[in-house]
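*Asks:* Fold the following.
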Amino acid sequence: MVDQVCYTPVQAAVAARAFAGRTRRYVMTSTIEVYDPATAALAAVPPGTPVPEEIVDPATWLVAMDLPWHDEAYLEAHYAEGKRQAEAVFTLAGSFEFASVRSAHVLGGGAQEFTGRLAHYAGRIATGEEITVHAKALPTVFIHYEELADLLLWATTADFTGPVNACSDGPLDVHGLAAIIAAQTGREPVYRIVPAGEEASAFSFDRHYAMNNARAKELGYSFSRTTDWLPGAVAEALTIEPSPTA
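*Replies:* Numbering: from 1, shown residues only. Now for the predicted structure:
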């Protein structure tokens, strides 16, 4: 069983009851955002060190069912916490073997990339529009949508439990991403530095939480390198109109 639509502990509790005794193994798609230090008090890791799974342990994470998880605005603002608590509910329920796949930022697919974030960057660089970035933009990690689908399939037939990080090898900061786009557009990126504390474009980060994928590798999964597939994803993104809200 693969669950890609669970976002809250309330939804997780319903699923845990519904599938108890009906499935041997349950795999939930989680997110890199569970490690965002801006959304929870987490154990510190040395600067620049990829974040391992144990930084967020679902077996010890506190669950609060009485929060307004039904409210769309609240859920959007607490997306990372909803995923953390959903993982915790499944882990503590013990109704079946449970694994969570903490996905990096998913790219690729052209118009099927529903967030429009890569198209936003590709479109702005191609037309010479500025990109907002932090003065010291830190790296993050990505995964191609086909690789994530393959990893989820692998996770359904594996025998591990608990969280596993899913990201291609090779972190990139916003400048590295823009350079790959620039190589295809023939236009150099135009940057605008945002003041400290101000939000920048989607893949510019002022805090570090790039993931470590060592556990998945130890369990037998082999990742691609981001730079192997990203040029193709950029080419797809350049064929579509960027979303005005990206």
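*Asks:* In the chain, what residue spans correspond to helices?
*Replies:* Taking DSSP state H as the test, the helices found in the chain are 9-19, 72-77, 79-93, 117-127, 145-157, 174-185, 214-218, 226-237.
*Asks:* tell me the contacts of the most centrally placed residue in the chain?
*Replies:* Central residue of the chain (Cα atoms, centre = their mean): Ala104, 3.3 Å from the mean position. By Cβ atoms under 8 Å, 6 or more residues apart in numbering, the contact set of Ala104 is 32, 140-143, 165-168, 211. (Each C-beta comes from the backbone N, C-alpha and C, glycine too.)
*Asks:* how close does it sit to Ala182?
*Replies:* 22 Å (Cβ to Cβ, to the nearest Å).
*Asks:* where does this protein have low pLDDT?
*Replies:* 241-246 (pLDDT under 70).
*Asks:* Kindly reformat the helices of the chain as JSON lines containing mean neighbour count.
*Replies:* Converted to JSON lines, the helices of the chain look like this (neighbours: other Cβ atoms under 10 Å):
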{"stretch": "helix 9-19", "mean neighbour count": "18"}
{"stretch": "helix 72-77", "mean neighbour count": "11"}
{"stretch": "helix 79-93", "mean neighbour count": "23"}
{"stretch": "helix 117-127", "mean neighbour count": "22"}
{"stretch": "helix 145-157", "mean neighbour count": "16"}
{"stretch": "helix 174-185", "mean neighbour count": "19"}
{"stretch": "helix 214-218", "mean neighbour count": "16"}
{"stretch": "helix 226-237", "mean neighbour count": "18"}
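*Asks:* Of the ones you listed, which is nearest Val27?
*Replies:* helix 145-157 (4.8 Å; Cβ to Cβ).
*Asks:* Let me know the angle separating that closest one from helix 226-237.
*Replies:* Counting by axes from the mean of the first three to the mean of the last three Cα atoms, to 10 degrees, helix 145-157 points 120 degrees away from the direction of helix 226-237.
*Asks:* outside of helix 145-157, which residues touch it?
*Replies:* So helix 145-157 is contacted by 1-2, 25, 27, 29, 99, 101, 103, 106-109, 112-113, 143, 164, 166, 168, 216, 220-221, 223-224, 229 (Cβ under 8 Å, 6+ apart).
*Asks:* try it again with 7 Å
*Replies:* Outside helix 145-157, the residues within contact range by Cβ atoms under 7 Å, 6 or more residues apart in numbering are 2, 25, 27, 29, 99, 101, 103, 106, 108-109, 166, 168, 221, 224.
*Asks:* between the contacts of Ala104, which is nearest Leu238?
*Replies:* Phe142 (17.1 Å).
*Asks:* Next up, the contacts around that closest one.
*Replies:* Phe142 neighbours (Cβ under 7 Å, 6+ apart): 104-105, 107, 167-168, 172, 226.
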